[in-house]
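*Asks:* Structure for the following, please:
(chains A and B)
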Amino acid sequence: NAGVTQTPKFQVLKTGQSMTLQCAQDMNHEYMSWYRQDPGMGLRLIHYSVGAGITDQGEVPNGYNVSRSTTEDFPLRLLSAAPSQTSVYFCASSYQAPYNEQFFGPGTRLTVL
Amino acid sequence: GENVEQHPSTLSVQEGDSAVIKCTYSDSASNYFPWYKQELGKRPQLIIDIRSNVGEKKDQRIAVTLNKTAKHFSLHITETQPEDSAVYFCAASSNDMRFGAGTRLTVKP
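*Replies:* Residues are numbered from 1 along each chain as shown, chains lettered A, B, ... in the order given. You can find the predicted model right below:
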């Protein structure tokens, strides 16, 4: 099993550009989530999904969209990138609800100029 | 939503000493409390977890305690080694999983 995979590993955007961060898992996990990690602020939840077709907002959802059309994939879209979105983004998945170990992807380092 | 606070933000100990990291949470519905270790440039990885029906759990040199009444839980690392140096995160889960801000642990040889 590949576990949780993320692409790209690094990305540089200009302010106002849009892009999609990809996340996929091959463990048949129902629960998937996106976090951003900034120095001194830990991991902050952006959006999460408890299954295909169901998504919900976390604590910092503004500026980000998600969809969950399949169990395996959970892409994160930045509609109009801003410098404040410069961060490391982690996707994670767990079996059923978030009451079990979350497995993290390798992360995407995003810089918005 | 859930709010998790973690202290201290940095912790430096001598090799062989013990290290304690403390977290508090706000949502009484939270029932799962994991601890993650993140080495520089790597992804967070689970080191130990505890559920709300258990007060303490041990795994070799690592232990976690939970006080549901006070809404706090702690990570204890005994006989610390240089390879324990990393950032540690606590988390609490109800409908979603929220993390503390992290503790940077440095173990001096």
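
*Asks:* The most centrally placed residue in chain A in helix, strand or coil?
*Replies:* Compute the mean C-alpha point of chain A, and by C-alpha atoms, centre = their mean the closest residue is residue A:34, 3.0 Å away. With DSSP: H, G, I helix; E, B strand; the rest coil as the basis, residue A:34 sits in strand.

*Asks:* Could you check the pLDDT of the residue nearest to it when sequence neighbours are not counted?
*Replies:* With C-beta to C-beta, 6 or more residues apart in numbering or on different chains as the criterion, residue A:34 has its nearest non-adjacent residue at 4.4 Å, and that residue is residue A:46. In short, each C-beta sits where N, CA and C put it, glycine included. As predicted, residue A:46 sits at a pLDDT of 98.

*Asks:* Identify the residues contacting the residue at the greatest distance from the centre of chain B.
*Replies:* Among residues of chain B, the one most distant from the C-alpha centroid is residue B:109; the distance is 22.2 Å, by C-alpha atoms, centre = their mean. Taking C-beta atoms under 8 Å, 6 or more residues apart in numbering or on different chains as the contact definition, residue B:109 lies against B:15, B:82.

*Asks:* One more: residue A:57?
*Replies:* Taking C-beta under 8 Å, 6+ apart, one finds residue A:47 in contact with residue A:57.

*Asks:* what do you get for the one 5 residues further on?
*Replies:* Neighbour list for residue A:62: empty [criterion: C-beta under 8 Å, 6+ apart].

*Asks:* Now it: which helix or strand?
*Replies:* Counting by DSSP states H and E, no helix or strand carries residue A:62.

*Asks:* Next, give phi and psi for it.
*Replies:* phi -60, psi 130 (degrees, to the nearest 10).

*Asks:* picking that back up, quick one: secondary structure of the residue nearest to residue A:34?
*Replies:* Per three-state DSSP, residue A:46 ends up strand.

*Asks:* what's the neighbour count on it?
*Replies:* 24 (other C-beta atoms under 10 Å in any protein chain shown).

*Asks:* residue ranges with poor pLDDT in chain B?
*Replies:* Filtered on pLDDT under 70, chain B yields no residues whatsoever.

*Asks:* Around chain A, pick out the residues from it.
*Replies:* By the rule C-beta under 8 Å from any C-beta of the partner chain, the part of chain B lying against chain A is B:1, B:6, B:9, B:31-32, B:34, B:43-46, B:49, B:51, B:89, B:91, B:93, B:95-102.

*Asks:* Could you rerun that using 10 Å?
*Replies:* B:1-4, B:6, B:9, B:30-32, B:34, B:36, B:38, B:41-46, B:49, B:51-52, B:87, B:89-104 (C-beta under 10 Å from any C-beta of the partner chain).

*Asks:* are any of those buried, and which?
*Replies:* Listed as buried from the residues of chain B next to chain A are B:2, B:4, B:6, B:30, B:32, B:34, B:36, B:38, B:43-44, B:46, B:49, B:52, B:87, B:89-94, B:96-103; burial here means 16 or more other C-beta atoms under 10 Å in any protein chain shown.

*Asks:* Now go through those and say which are in helices.
*Replies:* When DSSP state H is applied, these are split such that none fall in helices.

*Asks:* out of these, which are inside strands?
*Replies:* If you go by DSSP state E, those have B:4, B:6, B:32, B:34, B:36, B:38, B:46, B:49, B:87, B:89-93, B:97-99, B:103 in strands.
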